[in-house]
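In: Return atomic coordinates for the entry below.
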Amino acid sequence: MDLRTIFHLAFEHCAEVVGSLTPSLIGSAVAQAWKPAMSWRDRMLQWLVGSTVSYYATLAIVAVTDWNGFVAQSIAFGIALLAFDATPRVVKAAIDTLVTIPGRIADRILPKRG
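Out: The predicted structure follows:
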């Protein structure tokens with residue numbers, strides 16, 4: 001493999017990564033347009049959360065439904081649009097549910113008192 005081939009493969013890989021993240025990043029940017037008073041820290045965090053959640057959620061949806069192309073990009077955009085605001089609520093709901101699991105298991109296994 002010569003240097004040209006390596007650069008060509010690296011460029012193709014980078015272009016593929018940027019292309020797959022573009023709908024997510026645009027969705028995050030549109031979500032930021034609705035909140036003009038955000039700090040730079042919150043803006044960067046929204047881009048990171050929106051693109052990450054959107055990328056993996058879209059992969060899961062495409063794996064289950066076998067949708068490709070424009071539909072997958074539209075899903076990625078929509079998820080990124082909502083991800084920054086929805087993620088803390090989802091995490092809180094998951095934690096609240098997980099906290100109750102030991103009590104539920106104990107209620108089923110251990111005999112009742114009295």
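In: Could you tell me which helix of the protein is the longest one?
Out: Counting by DSSP state H, the longest helix found in the chain is helix 70-109.
In: list the helices and strands it packs on?
Out: Helix 70-109 sits against helix 3-33, helix 40-65, with contacts defined as 3 or more Cβ pairs under 8 Å, 6 or more residues apart in numbering; DSSP states H and E. Any C-beta I mention is one placed from the backbone N, CA and C, and that applies to glycine too.
In: roughly how far is it from the heart of the chain?
Out: 11 Å (Cα atoms, centre = their mean, to the nearest Å).
In: Outside of stretch 53-68 itself, list whatever touches it.
Out: The contact list for stretch 53-68, computed with Cβ atoms under 8 Å, 6 or more residues apart in numbering, reads 20-21, 23-24, 27-28, 72, 75-77, 79-80, 83, 87.
In: Tell me the most packed of those, by neighbour count.
Out: residue 80 (30 neighbours; other Cβ atoms under 10 Å).
In: Might one say that it is in contact with residue 31?
Out: Yes. The pair residue 80 / residue 31 is scored as a contact, 7.1 Å apart, by Cβ atoms under 8 Å.
In: list residues touching both of the two?
Out: residue 50.
In: what does stretch 13-28 rub up against?
Out: With Cβ under 8 Å, 6+ apart as the test, stretch 13-28 has contacts from 46-47, 49-51, 54-55, 58, 73-74, 76-81, 83-84.
In: Buried subset of these as a PyMOL selection?
Out: Listed next is the PyMOL selection for buried residues among these, using 16 or more other Cβ atoms under 10 Å:
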select buried, resi 46+47+49+50+51+54+55+58+73+76+77+79+80+81+83+84
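In: one step back: please identify the deepest-packed of the helices and strands packed on helix 70-109.
Out: helix 40-65 (a mean of 16; mean count of other Cβ atoms under 10 Å).
In: now it: mean pLDDT?
Out: For helix 40-65, mean pLDDT is 84.
In: Compute the distance from the centre of it to the centre of its chain.
Out: Between the centre of helix 40-65 and the centre of its chain there are 3 Å (Cα atoms, centre = their mean).
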